[in-house]
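J.: Quick one, fold the following:
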Amino acid sequence: MWVYGDNNVLGEIVFKVAMVDVPYRFRNARTGGSLSSGSSQKYDVMDLEDIKSLPMQDIMDRSSLLLYWTPSSMTQESLEVIHAWGYDYVTAVYWVKTQKHNPEKVRMGMGYNVRGAVEECWICRRGRVPALRIQKPNVVFAPIGKHSEKPVAMYEFFEPALDRLELSPRLDLFARTQRSGWIAVGNEIDGRDVREVLADVS
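T.: All right, here's what the predicted structure looks like:
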């Protein structure tokens, strides 16, 4: 029930779509080969209960889509989050991470059991929202960017269907960059903690 403008002005709005990339605190604090390689060394992370308590039901339409990013290793936690927010899992689109300077090759990620090369973007629904009916495979190949940055190609995957179904306005929560057609909220946008922004309007 709010809009986030250039001057941090809040107004009344209810979102029909949200793309969310929460900053998980991983079980392994390092999540990599050195103490400087983990998520907590790159940006502020959140505990699971803090994520679950975000007031998403206050800012989202009763019939809306949640496009929820999750690492494969956090499946159980992510299910807890989307259910706490009132959403049901529908299906997933997989980002296959390719090398930044050689996009024809899959990037070798980190991992103890296997070397991770994909990240999942879940399509989640609450209420009555039509099927997206995207006539493409559920795989997007795109090179990695900065740590945890999500590819433009994933927005481009969803946007034609969202436009066709007139699903807007759209929220990009924990965003790192601005994108036309989305209201971007994140501390890398304006320096404000997302929890404080949502607390202002919930």
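
J.: so Ile134 touches Ala161, yeah?
T.: Yes - counting by CB atoms under 8 Å, Ile134 does reach Ala161; the two are 5.0 Å apart. Where you see a C-beta, it was placed from the backbone N, CA and C, and this is true even at glycine.

J.: How about the secondary structure of the residue nearest to Val139 when sequence neighbours are not counted?
T.: In this structure, Val139 finds its nearest non-sequential neighbour in Tyr94, 5.1 Å apart by CB to CB, 6 or more residues apart in numbering. Classification of Tyr94 by DSSP: H, G, I helix; E, B strand; the rest coil places it in strand.

J.: All further residue positions should be reported with the first residue as 47.
T.: Sure, I'll start numbering at 47, so the last one becomes Tyr140.

J.: Where does the prediction get shaky in this protein?
T.: Judged by pLDDT under 70, the chain has its weakly predicted residues at 47-58, 73-89, 193-194, 246-248.

J.: Do a quick rundown of the strands in it.
T.: Here the chain has its strands, by DSSP state E, at 61-66, 106-116, 134-144, 164-172, 185-189, 216-219, 229-231.

J.: Tell me how many other residues surround the residue nearest to Asp90 when sequence neighbours are not counted.
T.: Leaving aside its sequence neighbours, Asp90 sits nearest to Pro69 (CB to CB, 6+ apart; 6.3 Å). Pro69 has 17 neighbouring residues, counting by other CB atoms under 10 Å.
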